[in-house]
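In: Let's see this in three dimensions:
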Amino acid sequence: MIFVPKTPKYIAPKTSIGVVGLGCIGGSVASAFSKTQQYNIIGVDKDNDTLRYAFEKDIIQLGHSELEILKGCEVVFVCTPIDTVSPIINQLFRILGTSAIITDVASIKGAILDNLPEGVRFVGGHPMAGSEQGGIKAAKDHMFENAYYVITPCPNTSKEDLDYIIELVKQMQALPVIVDKKTHDITVAKISHLPHMVAYAMVNTCIDNDISKTLAAGGFRDITRIASSPSKMWLDIVALNKDNILAQLDNMIKSLSQLSHNLKNDQYDKLKEMFESARQKRDSIEKDKGGFFSLRIDVKDVPGIIAKITLLLYKKKINIKNINIENSREGEGGALVVSFENSRALETAKEIFKKKKFDIKTE
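Out: Below is the predicted model:
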């Protein structure tokens, strides 16, 4: 089935961007570009309901189940499950040749770049954003806003193609970072793949059919949230980045063994060193990123409280960069964390909330 616009006014004048796979990430890519109204977005997906939804919501302007519809696109984003990315790149190259740049969003780069067809115009990509929820209905046009977007060029990638992809990433409001494939795969094994493995292990170890499920509060839920990610997707990821993940699991096991040894032998000074080292490293993450400035606000769980807080900030023209609701007060004095882009906005917000008698704490 093909989905086409009711009128031809969107077609000829604009550059066409293809998106293969309209799930959460692919749908978000399409939504971000469609929102700019600068491009014709052509979507390819095997599921007609997905294509219909994307078309009706103006996420795409043209849709089809076959890759041939992408002839004429200047760039094509491959946003399918990671085990299908390489075969689809090969199919696209047979259809498009060198007429289009092909890029992807896969969370592993080595396995993709090492199996490219000779002569393809390819620039690897990996947006460091997403959701535990899958499908087109989880897509957001602001999914990548202020998120790092890793770009991994090939040795033969031209400067023009690289610059073009960088510009498109910026148009999605993401922050482009150029990283080679080896560094990328080791790094994501540390900061993404290992945490998923730990989350799976923690949930299976700690949650039984007892009161632990009821009492599992903010800290536990924050650490294990990613265990709700799709199982099939993560099986494919661990298979393709196996060696790097195993290396990080070995490091984690050594660290846990050292912690266990110190605790068994009442070596609390060494435990304190471990805790303090972790605290300092964790605190340095936001500082190194030039991160947001945050307030933790203690609020009652009543209807309208978030609206009240955001309205107070709106009246003073203060932009909220991020807001996080904490359902549990475990270990913290606040239940709402509001982040701002600079210290001036933070100080103004503090004064506003102090005048309104809110209990606040600076992050």
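
In: Pull the number of nearby residues for residue 39.
Out: Neighbours of residue 39 under the rule other Cβ atoms under 10 Å: 21. C-beta coordinates here come from the backbone N, C-alpha and C atoms, glycine included.

In: next one: the one 4 residues further on
Out: The local packing of residue 43 (other Cβ under 10 Å) involves 31 other residues.

In: did I read that right, it in a strand?
Out: Yes: residue state for residue 43 (DSSP: H, G, I helix; E, B strand; the rest coil) corresponds to a strand.

In: Give me the contacts around the helix or strand harbouring residue 236.
Out: In this assignment (DSSP states H and E), residue 236 forms part of helix 231-240. Residues outside helix 231-240 that contact it (Cβ atoms under 8 Å, 6 or more residues apart in numbering) are 81, 82, 83, 107, 108, 111, 193, 196, 197, 245.

In: So what's the residue count around residue 322?
Out: Other residues near residue 322 number 13, with proximity taken as other Cβ under 10 Å.

In: I figured it was touching residue 341, is that so?
Out: No: if you go by Cβ atoms under 8 Å, residue 322 and residue 341 don't touch, sitting 9.6 Å apart.

In: Buried residues in the helix holding residue 236, which are they?
Out: Residues 234, 236, 237, 238, 240 are the ones in helix 231-240 that count as buried (16 or more other Cβ atoms under 10 Å).

In: Specify the next element, helix or strand, located C-terminal of that helix.
Out: Sequence order places helix 242-264 as the next helix or strand after helix 231-240, per DSSP H and E.

In: quick check: angle from that next one to helix 231-240?
Out: 100 degrees (axes from the mean of the first three to the mean of the last three Cα atoms, to 10 degrees).

In: elements contacting helix 242-264?
Out: Where contact means 3 or more Cβ pairs under 8 Å, 6 or more residues apart in numbering; DSSP states H and E, helix 242-264 is packed against helix 194-206, helix 268-288.

In: same question for it, mean pLDDT?
Out: Average pLDDT, helix 242-264: 97.

In: next one: stretch 169-185
Out: Mean per-residue pLDDT for stretch 169-185: 96.

In: if we can go back for a sec, roughly how far out does the helix holding residue 236 sit from the chain middle?
Out: Centroid separation for helix 231-240 versus its chain: 17 Å, with Cα atoms, centre = their mean, to the nearest Å.

In: How about stretch 41-51?
Out: 22 Å.

In: count of neighbours near the closest residue to residue 293 other than its chain neighbours?
Out: Once flanking residues are discounted, residue 293 sits nearest to residue 346: 3.9 Å by Cβ to Cβ, 6 or more residues apart in numbering. Neighbourhood size, residue 346 [other Cβ under 10 Å]: 20.

In: what helices or strands is whatever helix or strand residue 307 lives in leaning on?
Out: Assigning secondary structure by DSSP H and E places residue 307 in helix 305-315. Judged by 3+ Cβ pairs under 8 Å, 6+ apart, helix 305-315 is in contact with strand 322-325, strand 336-340, helix 343-355.

In: Quick one: closest of the ones you listed to residue 267.
Out: Counting by Cβ to Cβ, residue 267 lies closest to strand 336-340 out of those; the figure is 34.6 Å.

In: Thank you, goodbye.
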